[in-house]
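Trainee: 3D, please:
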Amino acid sequence: MKPSKRPGAGLKNAGNTCWANATLQCLTYTNALQERLLTETDTKRTWSPLGHAVASHLKVAVSRTGEAFEPREVLSALSSACKTLKIGRQEDAHEFLRLVVEELDGPRRKHSSKPPPPDGSSTALLPIPIGSVASEVFGGGLKSEVHCPACSHVSVTVDPILDLSLEVASTIVECLQRFTRKEKLEKGDEYLCEKCKKKVLAVRQITLHRRPRVLVCQLKRFGWMPNGTRRKISDHVRFSPTLEVDPFCSPESDGHSGSYELFAVLVHAGNSLSSGHYFAYCGGPAFLDGRWHRFDDSVVSQVSFQEVSSSNAYVLFYANASQEPPAFHEPPPAPVPLPRGGGPKGSL
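Mentor: Modelled structure (predicted):
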């Protein structure tokens, strides 16, 4: 699927549904997703209701330049697929994004498994969904190494991811540096070494082991207060049109190249998760002319990248710059559904 020649339709707000509209615009201009959903030739494929609705939405959205419509089919399918996200209520756009990506294939998924390596190492991968859209478009892997100071044993695991959840820092590069730096476990969080069987203050490091076709970086802007409410971190995070991730990869990492191009930015304007407004910027490799556009519900307008880079991004979408197929040494890992509203470092 080639980049779009021009921006498609705006999306009418169906009553506090800006979180869905902004997310759908980012997905609409994810070219790798368009390839899977709009050029699928397998007539036996049976999408989940939500997957079918998203595919239909993408087809309409890219063809109706200058218009605006209400994404009723997606919102209707959402009501059946998820009981926690409510139409008419302010919701977390990232939670909606995760739901859509995980549910594209729905119950159609079939799994194959890969046995653990004969040497007993802990790098065996989890079962993978055959033909999973989520895995092929967004799927990557994180490598976790835990070093035992008592016996020098190194425990290694590789876990599948659909995106990265990063602590807020001054730049996206610094966010990734913090994510992949070595950390010494603190007292009360000792590690039980699988070799010497001792509880130790081990050193742990997480690196990107498989580079995905589309890299999604969520910035952790919403944190919990002592009184049980959530606050927003509004600090600006600087980002550029390109991103090199090789410095944050394990030495034996595989998959796509380490060069990425920004094509969408999901923005939350407001002071809290329960209020405010979502909109999106899409551009760069998403369009043939490389121009950027703001998608704010029904309104679509051309903007400069300076405006985009000045925004307080919530989710950043990067497309791999290489057109070459990924060099996987092993099958890519399967995405694993995670609890909503938080999770380990690599959750979407």
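Trainee: Give me the buried stretch members for the longest strand seen in the chain, please.
Mentor: Of all segments of type strand in the chain, defined using DSSP state E, the longest is strand 259-269. By neighbour count on 16 or more other CB atoms under 10 Å, the buried set for strand 259-269 is 260-268. For the C-beta atoms, the positions are set from N, CA and C on the backbone; glycine is no exception.
Trainee: Which residue is the nearest non-sequential neighbour of residue 321?
Mentor: residue 259 (4.1 Å; CB to CB, 6 or more residues apart in numbering).
Trainee: Please apply the same query to residue 241.
Mentor: residue 262 (5.2 Å).
Trainee: show me what contacts that neighbour?
Mentor: With contacts defined as CB atoms under 8 Å, 6 or more residues apart in numbering, residue 262 is in contact with 239-243, 284, 316-318.
Trainee: Try it again at 10 Å.
Mentor: Counting by CB atoms under 10 Å, 6 or more residues apart in numbering, residue 262 touches 172, 215, 217, 239-243, 281-286, 292, 305, 308-309, 313, 316-319.
Trainee: Let me know the pLDDT of it.
Mentor: As predicted, residue 262 sits at a pLDDT of 97.
Trainee: Restricted to strands, list the contacts of residue 262.
Mentor: Going by DSSP E, the strands hold 215, 217, 242-243, 281-282, 292, 313, 316-319 from the contacts of residue 262.
Trainee: Buried subset of those as a PyMOL selection?
Mentor: Of the ones in strands among the contacts of residue 262, the buried ones can be selected in PyMOL as follows, counting by 16+ other CB under 10 Å:
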select buried, resi 215+217+243+281+282+292+313+316+317+318+319
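Trainee: before we move on, the earlier item: show me what the residue nearest to residue 321 bridges to in the sheet.
Mentor: residue 244 (DSSP bridges).
Trainee: From what I see, it and residue 211 are in contact.
Mentor: Yes - the pair residue 259 / residue 211 is scored as a contact, 9.5 Å apart, by CB atoms under 10 Å.
Trainee: overlap in contacts of these two?
Mentor: With CB under 10 Å, 6+ apart, residue 259 and residue 211 have common neighbours 245-246, 320, 322.
Trainee: Now, of those, which are buried?
Mentor: Buried among the shared contacts of residue 259 and residue 211 (16+ other CB under 10 Å): 245, 320.
Trainee: Using JSON lines, lay out the shared contacts of residue 259 and residue 211 together with distance to residue 140 and pLDDT.
Mentor: Conversion of the shared contacts of residue 259 and residue 211 to JSON lines gives the following (distance: CB to CB, whole Å; pLDDT from 0 to 100):
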{"residue": "245", "distance to residue 140": "10", "pLDDT": "96"}
{"residue": "246", "distance to residue 140": "14", "pLDDT": "94"}
{"residue": "320", "distance to residue 140": "10", "pLDDT": "92"}
{"residue": "322", "distance to residue 140": "14", "pLDDT": "79"}
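Trainee: Compile the shared contacts of residue 259 and residue 211 into TSV and extend it with columns for distance to residue 252.
Mentor: Output for the shared contacts of residue 259 and residue 211, formatted as TSV (distance: CB to CB, whole Å):
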residue	distance to residue 252
245	15
246	13
320	19
322	18
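Trainee: what's the spacing between the residue lying closest to residue 284 once chain neighbours are set aside and residue 242?
Mentor: Among residues not flanking residue 284 along the chain, residue 263 sits closest, at 4.7 Å (CB to CB, 6+ apart). According to CB to CB, to the nearest Å, residue 263 and residue 242 sit 11 Å apart.
Trainee: Give me the common contacts of these two.
Mentor: Both residue 263 and residue 242 are contacted by 284, 318, under the criterion CB under 10 Å, 6+ apart.
Trainee: Now do the longest strand of the chain against strand 313-320, angle only.
Mentor: 160 degrees (axes from the mean of the first three to the mean of the last three CA atoms, to 10 degrees).
Trainee: Tell me, how many residues neighbour the nearest residue to residue 28 once chain neighbours are set aside?
Mentor: Spatial nearest neighbour of residue 28, excluding adjacent residues (CB to CB, 6+ apart): residue 61 at 4.8 Å. A count of neighbours around residue 61, defined by other CB atoms under 10 Å, yields 24.
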